[in-house]
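> predicted model and sequence follow; I will ask about them next.
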Amino acid sequence: MNETIDALQLNIGGGGLMVMNISLAVIMFGVALELKISQFKAIAKQPNGVITGFISQFLFLPAITLVLIWLLEPYPSFALGMMMVAACPGGNISNFFSQLAGGNTALSISLTAIATLLAVLATPLNFTFWASLYPPTADILREIQVDIVQVFQIVGLILGIPLILGMLASHYAENYALKWTSWIKRFGIVFFGSFVVVAFSMNFEHFLGYVHLVIGLVFLHNLLALLGGYSLGKLSNLPAPDCKSIAIETGIQNSGLGLLLIFSFFGSLGGMALIAAWWGIWHIIVGFIMSWYWSTGKTSIKKLFSNA
């Protein structure tokens, strides 16, 4: 079974990688159109939330991922997929869930944007560092001989350039940015979502055959991310809305970027892609659950038990 999973190959069709590149670049451009210099000034005045969020995102999550992998000893390709997800920045859908949950939306947007900028360097470095600490994943890295320079180039091309262009457009063409931001972001998300649906249908048999192996793994991994993010916020004496946003930022990862890097450099390791793909599905589900709980669900549950 181990060899079967680690050798599993997923099919994304001709030109699928290019579609992923374009759709993610469009999404990142849309995110950057919302960035304002005033946001960075506000962060400089009250940096505690952002610093805690970065620690949770780039240090706590990869570290707890390594601990979880050591304890559970999953298949090597699954372990590498978990490390890839943990090394990615927060997904832009986290801003939507943060707002629904009554979190600090401004903090969420700032964390997503700045973390995405930092990810140009942080994602490749974090991934290779933490993956090298677990012998089975370190062996895969040596066997595949991942070119770290190429990883930097891909991440810079997909994240860095669209973000820089978007920030420039936001600064020098503010009226245009305000008018088209929502449409550009929607187009990017629909474009990427359509690709995911097509890719999923092309690999449906693989998904049915192996998804039961990753459901529990992703659930536990995501749960630790959410609990850890919220707990770090509490330990930093941040208000509840900030804690919610940091938890969501840590638990809602840019799995699309993870899938892109997996298909670009680890095409023969379908187990990695299964982890990233299921994480992308699950974090949307859990995002709605957490948003409901923090907005109205907690009060409803208390009323239910008080009337019982």
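Right, received. Where do you want to start? Treat the numbers as computed from the prediction; the structure is a model and nothing was measured.
> C-alpha from now on. contacts and neighbour counts both.
Will do.
> point out where the stretch 201-308 of the chain drops to low pLDDT.
Applying pLDDT under 70 to the stretch 201-308 of the chain flags the ranges 201-204, 206, 267-268, 297-308.
> quick one: the helices in it?
Assigned by DSSP state H, counting those that start in this stretch, the stretch 201-308 of the chain shows helices spanning 204-235, 240-251, 255-265, 270-292, 298-307.
> what's the first one packed up against?
Here helix 204-235 is seen to pack against helix 48-55, helix 61-72, helix 240-251, helix 270-292 when contacts are counted using 3 or more CA pairs under 8 Å, 6 or more residues apart in numbering; DSSP states H and E.
> and the fourth one, by the same measure?
Other helices and strands packing on helix 270-292, by 3+ CA pairs under 8 Å, 6+ apart, are helix 2-6, helix 76-87, helix 93-100, helix 204-235, helix 255-265.
> make JSON lines out of those and add mean neighbour count and distance to residue 113.
Formatted as JSON lines, those follow (neighbours: other CA atoms under 10 Å; distance: least, CA to CA, whole Å):
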{"stretch": "helix 2-6", "mean neighbour count": "14", "distance to residue 113": "34"}
{"stretch": "helix 76-87", "mean neighbour count": "29", "distance to residue 113": "15"}
{"stretch": "helix 93-100", "mean neighbour count": "23", "distance to residue 113": "10"}
{"stretch": "helix 204-235", "mean neighbour count": "17", "distance to residue 113": "18"}
{"stretch": "helix 255-265", "mean neighbour count": "22", "distance to residue 113": "14"}
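> what's the closest of those helices to residue 45?
Closest to residue 45 of the helices and strands packed on helix 270-292 is helix 204-235 (CA to CA; 17.9 Å).
> now do the closest one against helix 61-72, angle only.
120 degrees (axes from the mean of the first three to the mean of the last three CA atoms, to 10 degrees).
> quick one, helix 204-235 and helix 270-292 angle?
Using the same axes, to 10 degrees: helix 204-235 against helix 270-292 is 50 degrees.
> starting at the chain centroid, how far to helix 204-235?
Put simply, helix 204-235 sits 12 Å off its chain's centre (CA atoms, centre = their mean, to the nearest Å).
> and for stretch 270-284?
10 Å.
> can you point out the buried residues in it?
By 16 or more other CA atoms under 10 Å, the buried positions in stretch 270-284 come out as 270-280, 282-284.
> so of the helices and strands packed on helix 204-235, which one's packed in deepest?
helix 240-251 (a mean of 29; mean count of other CA atoms under 10 Å).
> C-alpha coordinates for that one, CSV please?
C-alpha atoms of helix 240-251 as CSV (Å, rounded to 0.1, in the frame of the first residue of the first chain):
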residue,chain,number,x,y,z
ALA,A,240,-11.3,37.8,21.1
PRO,A,241,-11.8,39.1,17.5
ASP,A,242,-8.0,39.0,17.0
CYS,A,243,-7.8,35.5,18.4
LYS,A,244,-10.5,34.4,16.0
SER,A,245,-8.8,35.9,13.0
ILE,A,246,-5.4,34.4,13.9
ALA,A,247,-7.0,31.0,14.3
ILE,A,248,-8.8,31.2,11.0
GLU,A,249,-5.6,32.5,9.3
THR,A,250,-3.7,29.5,10.6
GLY,A,251,-6.4,27.0,9.8
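> what is that helix packed up against?
Checked by 3+ CA pairs under 8 Å, 6+ apart, helix 240-251 has helix 48-55, helix 93-100, helix 105-131, helix 204-235 packed alongside it.
> can you give me the end-to-end distance of stretch 245-261?
Using CA to CA, to the nearest Å, one end of stretch 245-261 lies 26 Å from the other.
> thank you kindly, that will do.
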